[in-house]
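# Predicted structure and sequence below. I'll ask about it afterward.
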Amino acid sequence: MSDMTTLSPVAASTARIGRWRWQETAFWLLVVASYFLFSDRYLILTEIAWLALFALSLDLILGYAGIVSLGHAAFFGVGAYGVGLLAKHGIIEEPVLALLAAGLMAMALGFVTSFLVIRGTDLSRLMVTLGIALLLRELANRFSDITGGFDGLQGFTIAPVLGLFEFDIFGRTGFVYCTVVLFVLFLAARRLVNSPFGLSLRAIHNNRLRAEAVGIPVDRRLIAVYTVSAFYAGVAGALFTQTTALASLDVFAFERSADLLLILVIGGGGYLYGGLIGAVVFKILQEIFSSITPQYWLFWIGLVFVVIVLVGRERMRRWARVAPDFLLRRLGLSRGVGGGGSRGGEP
């Protein structure tokens, strides 16, 4: 008897969902290959890595739990300033330990504010989360003797990772460091959403009243995932500061939170890879449009978002699936039965 038959129905379902697919393996192989293929673009690749982690943190609450947020930059900023202050005052100089400490700071803030966020409607959640981020930004500006105010936090250096790998101006160490952190936290998030806990989040997202009726502790689940999401966002902010040696009021900006929503519009929410793919596409579009029209690149990105919304992501996926067959038919190499390029009726 196979191991699958000895598992409970829920465990068997989560194990089946959690299996790795070849597309996932191909995605991460491409990430590794980018280290060799784009050796002159490490800085932008590093930015994509921590931005993908930041988008992943929002996807955990928006795509899986249905919690909308316009102030996710609050946790990003806490992580960014936290790791910078730890380095500046020599409290924790080792980057990995400082990364964890900054993530825990953001996690603590997420736990405290989660009690405000889980109550009310989506509109009230938007206002509460946005208000928290704006409040933290003003606090950082008010205590400028600690944070540096508008000038940003200065006068600190980031020690070598594990005492061995120094951050270089080309971004090589930063890219590898951010990618490893992203992959480790992605594995943890993947395990989380494919567990019974993750299934309960989907149930809450689909129908909160029904989830409560079957005995799911809705509030505790939402508090837990919101706290975990805050930890991920704090780590992303810490990676930003460690790889740029900079922390300014911009880390709390509304635009930073809004960019995450745009990224999830591109990549889609509720399947983890949406934030990762969206971050890649968003930065590529930003690079292309800003090089063509530096003053109006936001206009073109906005136009792309409008097209995505009007056309629909599912329709675009269907077009992507049928495009190879269409091209093959145009070239007389159809893969269907009787086509010039088929052999023995193979699909």
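Nice, I can see it.
# all helices of the stretch 101-250 of the chain, in order?
122-142, 144-147, 172-193, 196-206, 208-213, 218-244 (DSSP state H, counting those that start in this stretch).
# Centre of the chain to the fifth one, how far?
It refers to helix 208-213. On the basis of C-alpha atoms, centre = their mean, to the nearest Å, helix 208-213 sits 28 Å off its chain's mean C-alpha point.
# So which bits of that helix are buried?
Ala211 (16 or more other C-beta atoms under 10 Å). Quick note: C-beta positions are derived from backbone N, CA and C, even for glycine.
# And the contacts of it?
Ser200, Ala203, Ile204, Val218 (C-beta atoms under 8 Å, 6 or more residues apart in numbering).
# Excluding chain neighbours, what is closest to the third one?
So that's Ile204. Counting by C-beta to C-beta, 6 or more residues apart in numbering, Ile204 lies nearest to Ala211, which is 4.6 Å off, once chain neighbours are set aside.
# try the second one
Excluding the flanking residues, the one nearest Ala203 by C-beta to C-beta, 6+ apart is Ala211, at 4.4 Å.
# now do the first one
Of all residues beyond its chain neighbours, the one nearest Ser200 is Ile216 (5.0 Å), with distances taken as C-beta to C-beta, 6+ apart.
# What of Ala55?
Leaving aside its sequence neighbours, Ala55 sits nearest to Gly275 (C-beta to C-beta, 6+ apart; 3.2 Å).
# Show me the protein divided up by domain.
Taking automatic domain parsing as the reference, the chain has its domains at 22-311, 314-347.
# So for the first one, mean pLDDT?
Along domain 22-311, the predicted confidence averages to a pLDDT of 88.
# and what of the shortest one?
Domain 314-347 carries an average pLDDT of 50.
# Do I have it right that the residue nearest to Ser200 meets Leu199?
No - taking contacts as C-beta atoms under 8 Å, Ile216 lies outside contact range of Leu199: 9.6 Å.
# in the stretch 201-347 of the chain, which spans are strands?
Using DSSP state E, counting those that start in this stretch, no strands are assigned anywhere in the stretch 201-347 of the chain.
# Count the neighbours of the residue nearest to Ala55 for me.
30 (other C-beta atoms under 10 Å).
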